[in-house]
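**Q** Predicted coordinates and the sequence they were generated for:
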Amino acid sequence: MKIAPIRFAGQLRMAAVISKQDRHTESRSVVSALAGAAAGALAGILAAAVALGVAELAAAITGPDSAPVIAVGQTAINLTPVPVKDFAITHFGSHDKQALVAGILVMLAGFAALIGVLAVRRIGYGLAGLAVFAGLGVTAAIRLPGAGLLDVVPTLAGVTAAAAALVTLVRSVRPREPRAGQALGADGPIAGPQDPGPAGSPDRRRFLAGAAGVAALAAAAGGLGDVLARRFSIASSRAQVRLPAAAVPAPGVPAGTDLRIPGLTPFFTSNASFYRVDTDLVLPQVAPETWTLRIDGMVSKEIEISFAELLKTPLTETDITLVCVSNQVGGPYAGNARWLGAPLAVLLRRAGVRAGADQVLSSAVDGMTISTPLTAIMDGRDALLAVGMNGQPLPIAHGFPARMVVPGLYGYTSATKWVTRLTVTTFAAQRAYWTQRGYAAAAPIHTESRIDVPKPLAQVAAGRVTVAGVAWAPATGIAAVVKAGLVDTLNSASGITVFAPDNAAFAKIPAATLNQVLADKAELTKILTYHVVAGRYTPSQLAAGTPLKTLEGATVTPALMGSTYEVNSADVVCGNVQTANATVYIINTVLMPPSS
């Protein structure tokens, strides 16, 4: 009768040991599963790093645009809706491309981590995830302008290397099985002094060694690819270009243009500070030795011009302000530079423009197309195929070796960089990149201004405060002043008031009449000098309604009608703009002297 209690006590003790072991095993299984998932995520990220590094190395042979991140990013840019593009330009500015690449890398890291976790459960899941990655990369690569079979090589090479890295790392992540002969204790297999860990846990040493090797491979491949990719750079070719002197030099900058106000934008925007808006993640590298421009379409004869031939043509130098249509009020996407180039009108006349054409569709090496009204090139303004910018060959970021520059039009209809083809056509027959996305075909720059000083949200001390800024109106009126030969006259005049018509004012004049006036220097001079009055007049003086004698000889009559200032029948759009030697009022109608 004494045996039963002993047996019962032994059963209780054994049950307690088994229960403790089950709880410990369950706890250890949870910890092991979490450790395995974390290691799997790291394995996936490292495999992705290998894919990018090896792909970068392969792209150094096939071309930098074929690297998966660049190809995917470029495709994303082309497929992104216009409102999203505008949002990116507005909020990220010139860093929009860096923001896109960073976003792609973050999403790639998350996807790679998920692939790694799934691969720990079953390697097939991970390989399937890599196949999806390969599909995206290959699809993006073949959508690149001028893509060929070689452009898919970087993606395929990177995914192959990633698959090998993932399999290697996942094998060391999976839980270990008990080794034959390993002692078992109450808490499971007993680890010896040299044992990497208990069964059911990842092989940490093996995993860390493999991870270090994979990371080193990714870094080495990526670094070598970056070094080799530099062979595509044409910086050395650009450095050897010597620009000829202009056959038609730009007039000198008037004295007093520099107001010497700290923080005020200079008259010329430096090449380094000039805004850049385009769709390229990698800047096109076009060697001047191989560059050519082809003019075709509705022309009498197709012509092709090399860079050397272009430099031998009589070049014109002129100051032109470029503005991006995405520029917000007070925004930075406006810049003025001194450009050197061949007049586009001269080149088109060499090809012979056929009747009925109304558009020049320009194409660039990156696949960009831009539509420019033919009249904007042929109406006498200094529309250029530019090769120089502020006394230097075009920077690579601004279209080297040649780009289009057309005064008075927003960049999306005029400023094709890395241009290689001009097709004379019609708007009805062909549409360009931006017009396909709903942008207007005609995009004249309106009179605009920006306050530079004080800066936005700046705190200023009480008392006298300097307020300064810049304004631009690259319109027909400026070209008219040049044609009339009044640049030096107006620049040298001391203390004048100018009533300057805006774009809309010139648009009211029928094209045939405007062209006739522009061709008649005497009549043009009479009209323009009718807009200039000796003396600087303030708004309060204009409101008095006193007739003012113009340089033409006749008088104009300003007035304040309600809250609107008028000059004869023209409304003042904006005014009291102070320049070095004049007070300027922008008006919406061209004033015609009584004798005209």
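**A** Cool, the structure landed. Numbers count the residues shown, from 1 in each chain.
**Q** so how far is Asn588 from Asp502?
**A** Distance of Asp502 to Asn588, computed by Cβ to Cβ, to the nearest Å: 6 Å. Placement of C-beta: from N, CA and C, glycine included.
**Q** Also Gly341?
**A** Using Cβ to Cβ, Gly341 is found at 32 Å from Asn588.
**Q** more crowded one of the two?
**A** Comparing Gly341 with Asn588 by neighbour count (other Cβ atoms under 10 Å), the higher total belongs to Gly341, at 26 against 17.
**Q** so for the strand or helix carrying that one, what's the average pLDDT?
**A** If you go by DSSP states H and E, Gly341 is part of strand 334-343. Regarding strand 334-343, the rounded mean pLDDT is 96.
**Q** so how far is it from its chain's centroid?
**A** Counting by Cα atoms, centre = their mean, to the nearest Å, strand 334-343 is centred 19 Å from the centre of its parent chain.
**Q** correct me, but Val532 touches Leu490?
**A** Yes - counting by Cβ atoms under 8 Å, Leu490 is a contact partner of Val532 at 7.0 Å.
**Q** who touches both of these two?
**A** Listed as contacting both Val532 and Leu490 by Cβ atoms under 8 Å, 6 or more residues apart in numbering are 496, 498.
**Q** Next up, the contacts around Val517.
**A** 509, 523-524, 527.
**Q** So which of these are in helices?
**A** The helices, defined by DSSP state H, take in 523-524, 527 from these.
**Q** Between the residues you listed, which sits nearest Thr538?
**A** Closest approach to Thr538 among the ones in helices among the contacts of Val517 (Cβ to Cβ): Ile527, at 25.3 Å.
**Q** Turn the contacts of Val517 into a markdown table, including neighbour count.
**A** Shown next, in a markdown table, are the contacts of Val517 (neighbours: other Cβ atoms under 10 Å):
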| residue | neighbour count |
| --- | --- |
| Ile509 | 17 |
| Glu523 | 16 |
| Leu524 | 19 |
| Ile527 | 19 |
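**Q** export the residues you listed to CSV and tack on pLDDT?
**A** Formatted as CSV, these follow (pLDDT from 0 to 100):
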residue, pLDDT
Ile509, 83
Glu523, 89
Leu524, 87
Ile527, 90
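**Q** tell me, how many neighbours does the closest residue to Ala220 other than its chain neighbours end up with?
**A** Among residues not flanking Ala220 along the chain, Gly53 sits closest, at 7.3 Å (Cβ to Cβ, 6 or more residues apart in numbering). Neighbour count of Gly53, defined by other Cβ under 10 Å: 26.
**Q** check which helix or strand covers Gly53.
**A** Assigned by DSSP H and E, Gly53 falls within helix 3-62.
**Q** any shared contact partners between Asp502 and Asn588?
**A** With Cβ under 8 Å, 6+ apart, Asp502 and Asn588 have common neighbours Val573.
**Q** Pull out the buried residues from stretch 426-439.
**A** 427, 431-435, 439 (16 or more other Cβ atoms under 10 Å).
**Q** Backbone dihedrals for the closest residue to Pro332 other than its chain neighbours, please?
**A** The shortest distance from Pro332 to any non-neighbouring residue, by Cβ to Cβ, 6+ apart, is to Tyr275 (6.0 Å). Dihedral angles phi and psi of Tyr275 (degrees, to the nearest 10) take the values phi -60, psi 150.
**Q** check contacts around Tyr275.
**A** Tyr275 neighbours (Cβ under 8 Å, 6+ apart): 94, 269, 322, 324, 332-335.
**Q** Now Pro593. Nearest residue, chain neighbours left out?
**A** Tyr530 (4.1 Å).
**Q** now do Met378
**A** Ala345 is the one closest to Met378 (Cβ to Cβ, 6+ apart), at 5.1 Å.
**Q** secondary structure element for the spatially closest residue to Gly495 that is not a sequence neighbour?
**A** Leaving aside its chain neighbours, Gly495 sits nearest to Arg536 (5.2 Å; criterion: Cβ to Cβ, 6+ apart). In the assignment (DSSP H and E), Arg536 maps to no helix and no strand.
**Q** Tell me how far Arg536 lies from Arg464.
**A** For Arg536, the distance to Arg464 (Cβ to Cβ) stands at 20 Å.
**Q** Isn't the residue nearest to Ala220 up against Ala219?
**A** Yes - using Cβ under 8 Å, Gly53 is in contact with Ala219, at 6.7 Å.
**Q** hmm, back to that, pick out the most distant pair among the contacts of Tyr275.
**A** Pairwise distances across the contacts of Tyr275 (Cβ to Cβ) peak at 14.1 Å, for the pair Ser94 and Leu322.
**Q** okay, those two: which has more neighbours?
**A** Neighbour tally, Ser94 and Leu322, criterion other Cβ under 10 Å: the higher count belongs to Leu322, 26 against 13.
**Q** Give me the contact list for the helix or strand where the residue nearest to Met378 lies.
**A** Applying DSSP H and E as the criterion places Ala345 in helix 344-351. Residues outside helix 344-351 that contact it (Cβ under 8 Å, 6+ apart) are 293, 295-296, 299-303, 305, 313-314, 360, 377-378, 380, 383-385, 404, 406, 422, 424.
**Q** where does this protein have low pLDDT?
**A** Applying pLDDT under 70 to the chain flags the ranges 1-35, 90, 93-94, 174-203, 475-489, 491, 503, 596.
**Q** Domains in it, by residue range?
**A** 22-175+200-232, 292-437, 475-587 (automatic domain parsing).
**Q** between those, which gets nearest to Leu264?
**A** Closest of these to Leu264 is domain 475-587, at 12.1 Å (criterion: Cβ to Cβ).
**Q** picking up where we left off before, quick one: the contacts of Val517 as TSV, columns for distance to His398 too.
**A** As requested, the contacts of Val517 are arranged in TSV below (distance: Cβ to Cβ, whole Å):
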residue	distance to His398
Ile509	34
Glu523	38
Leu524	33
Ile527	36
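**Q** circling back to that earlier point, would you quantify the distance from the residue nearest to Ala220 to Ala218?
**A** For Gly53 relative to Ala218 (Cβ to Cβ), the value is 4 Å.
**Q** ok, now Asp296?
**A** Taken as Cβ to Cβ, the span from Asp296 to Ala218 is 47 Å.
**Q** more crowded one of these two?
**A** Between Asp296 and Ala218, Ala218 has the larger neighbour count (other Cβ under 10 Å), namely 23 against 15.
**Q** Now do the same contact list for that one.
**A** Per Cβ under 8 Å, 6+ apart, neighbours of Ala218: 46, 49-50, 52-54.
**Q** ranges for the helices of the stretch 351-500 of the chain?
**A** Ranges of helices within the stretch 351-500 of the chain are 374-378, 476-483, 487-492, based on DSSP state H, counting those that start in this stretch.
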